[in-house]
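Peer 1: please find the sequence and the predicted model below.
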Amino acid sequence: MTDVSVRLAQTTDRPTMERLWLLFRHDMSEFSGALPNPDGTYRSERLQAALSQDDWAPYLLTSGRSPVGLACVRGLTGPVRVLSSFFVVRAARRSGLGLRAVREVVAAHPGPWEIAFQDSNAGAVAFWRRVATELVGDAWTEEHRPVPGRPDLPPDTWISFDAPAGVGSAPPGRA
């Protein structure tokens, strides 16, 4: 699996995005300790915001006809874009697909960016440092910040960089 298509999610993609979100939150529960809600779902406020608010952009990642991930960007009208959520299904990881998808998402929104991850997630640590280096060379920073409202969790690691226009090819607009 080497091809990836990145596009803004449409209204008809909501069920697919919601199912991918469950997989994403399940994966993240290893690091956050979050348990499912009584109905088997996880908190989805960020996904719902991405799907409904103008300051957000929800992206669906596909390979051929198969959905393989999602990305949610917030802060589109603010000074800094934040990759609020990024997920690639396990079968598509370590294929280069994730890096290509991030390139396209970032290219669609040039300017300052921030991406958070947990140090306990070794795969994410390596991935996001590689992404930053691939996108902007050594022109990125990393810092630890407390998780708001969660003093029981270790701080998140935040990578910051300024993405120039033309970092990759921008995905098409929302239909």
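Peer 2: Now that the structure is in, tell me what you want to look at. What you see is a predicted model, and the numbers here were worked out from it, not measured in a lab. Numbering: from 1, shown residues only.

Peer 1: name the helix or strand of this protein that has the lowest mean pLDDT.
Peer 2: Across the helices and strands of the chain, mean pLDDT, DSSP states H and E gives its lowest value to helix 14-32, namely a mean of 85.

Peer 1: count the residues that sit near Ser32.
Peer 2: 15 (other C-beta atoms under 10 Å). C-beta coordinates here come from the backbone N, C-alpha and C atoms, glycine included.

Peer 1: who's in contact with it?
Peer 2: Neighbouring residues of Ser32 by C-beta atoms under 8 Å, 6 or more residues apart in numbering: Gln118, Leu153.

Peer 1: try Ala9
Peer 2: Contacts for Ala9 (C-beta under 8 Å, 6+ apart) come out as Thr16, Met17, Ala50, Leu51, Pro58, Tyr59, Leu60, Leu70, Arg174.

Peer 1: please save the CA atoms from the least confident helix or strand of the chain in PDB.
Peer 2: Taking Å, rounded to 0.1, in the frame of the first residue of the first chain, the C-alpha atoms of helix 14-32 are listed here in PDB:
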ATOM      1  CA  ARG A  14     -19.400  11.400   8.500                       C
ATOM      2  CA  PRO A  15     -20.100   7.700   9.300                       C
ATOM      3  CA  THR A  16     -16.600   6.700   8.000                       C
ATOM      4  CA  MET A  17     -15.000   9.500  10.000                       C
ATOM      5  CA  GLU A  18     -16.800   8.400  13.100                       C
ATOM      6  CA  ARG A  19     -15.700   4.800  12.700                       C
ATOM      7  CA  LEU A  20     -12.100   5.900  12.100                       C
ATOM      8  CA  TRP A  21     -12.400   8.100  15.200                       C
ATOM      9  CA  LEU A  22     -13.300   5.100  17.300                       C
ATOM     10  CA  LEU A  23     -10.100   3.300  16.100                       C
ATOM     11  CA  PHE A  24      -8.000   6.400  16.800                       C
ATOM     12  CA  ARG A  25      -9.400   6.900  20.300                       C
ATOM     13  CA  HIS A  26      -8.900   3.200  21.000                       C
ATOM     14  CA  ASP A  27      -5.300   3.400  20.000                       C
ATOM     15  CA  MET A  28      -4.800   6.600  22.100                       C
ATOM     16  CA  SER A  29      -6.400   5.000  25.100                       C
ATOM     17  CA  GLU A  30      -3.100   3.100  25.700                       C
ATOM     18  CA  PHE A  31      -1.400   6.500  26.400                       C
ATOM     19  CA  SER A  32      -4.300   8.500  27.900                       C
END
